[in-house]
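> Fold the following and give me the result.
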Amino acid sequence: MLTELKREAYEANVALPRHGLINLTFGNASAIDRARGIFAIKPSGVDYAVLRPRDMVLVDLEGRKVEGALNPSSDTPTHRRLYVAWKGIGGVVHTHSSVATAFAQAGWEIPCLGTTHADYFCGPVPVTRKLTPREIAGAYEWETGNVILERFRRLDPLDCPGVLVNRHAPFTWNVTVAKAVEVAVALECCAHMALMSLSLAPRLGAIEPALLAKHFKRKHGPGATYGQK
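Here you go, the predicted model:
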């Protein structure tokens, strides 16, 4: 079973450069086995071109390395923080995709301007506050998870399965890591379209609430009609 978990995490990681979401070795993906309380994550600093399923590092929810010859990603505590808090997620993805990262660096949320965005996010993609100097100097990656959770205090993480960490970059998540990768692709697409739309119409407002609800509920929740049974 853990071999399959490693394969799942590996497939998600190598999908990131294939979708144009990764430069160099930026970013990572992880998948969790909830029954065992163990997740598999990319090793730190390893080039995607040479990555193999056996290279995935297994970590438990206490932060202990369970298996693997390599060091896990430096973002492992952020992934772990989200897994501990949100029992309904099965995968986490972190990229530095260019346009979404530009919004994050600017400290801007990605506004919901049209139906493509509404298919994935029930509203704007939120941005966190900046980390304080004390948080940066302390358990930085764990605190990154904390500011994400703070921003989602009144949000459902599966209604909005992504966030921009201020001055940093996006994180996405979902019920599986494959779906978290899909959300990462959609987030970058929505960021790019928002940037172009606002360049054409700087005063463009958010999508109408009825249209947002219509598109989001077509794909999500018990009344979803999109796709095949």
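> Low-confidence bits of this structure, can you list those?
For the chain, applying pLDDT under 70 flags the ranges 1, 229.
> Pick out the residue closest to the middle of it.
T172 (1.4 Å; CA atoms, centre = their mean).
> Could you verify that that one is part of a strand?
Yes - counting by DSSP: H, G, I helix; E, B strand; the rest coil, one finds T172 located in a strand.
> who does it bridge with?
V93, G162 (DSSP bridges).
> I'd like the distance between V50 and T25.
Per CB to CB, to the nearest Å, V50 is found 10 Å from T25. From N, CA and C alone the C-beta is placed, and that goes for glycine too.
> Repeat that for E67.
For E67, the distance to T25 - CB to CB - is 21 Å.
> So for V50 and T25, which residue has more residues nearby?
The residue with more neighbours, out of V50 and T25, is T25; 17 against 7, by other CB atoms under 10 Å.
> Which neighbours in the sheet does the helix or strand harbouring F39 have, and how are they oriented?
Using DSSP states H and E, F39 sits within strand 38-41. Its sheet considered, strand 38-41 pairs with strand 28-33 (antiparallel), strand 57-60 (antiparallel) by DSSP bridges.
> And the following helix or strand past the shortest one, what does it pack against?
Sequence-wise, the next helix or strand downstream of strand 57-60 (DSSP H and E) is strand 65-67. Applying 3 or more CB pairs under 8 Å, 6 or more residues apart in numbering; DSSP states H and E, we find strand 65-67 packed against strand 57-60.
> Contacts for the strand it packs on next, please.
Contacts with strand 57-60, where a contact means CB atoms under 8 Å, 6 or more residues apart in numbering, come from 2, 5-6, 37-43, 65-68, 70-73, 76, 80.
> rerun at 10 Å
2, 5-6, 9, 30, 32-33, 36-44, 46, 64-73, 76-77, 79-80, 83 (CB atoms under 10 Å, 6 or more residues apart in numbering).
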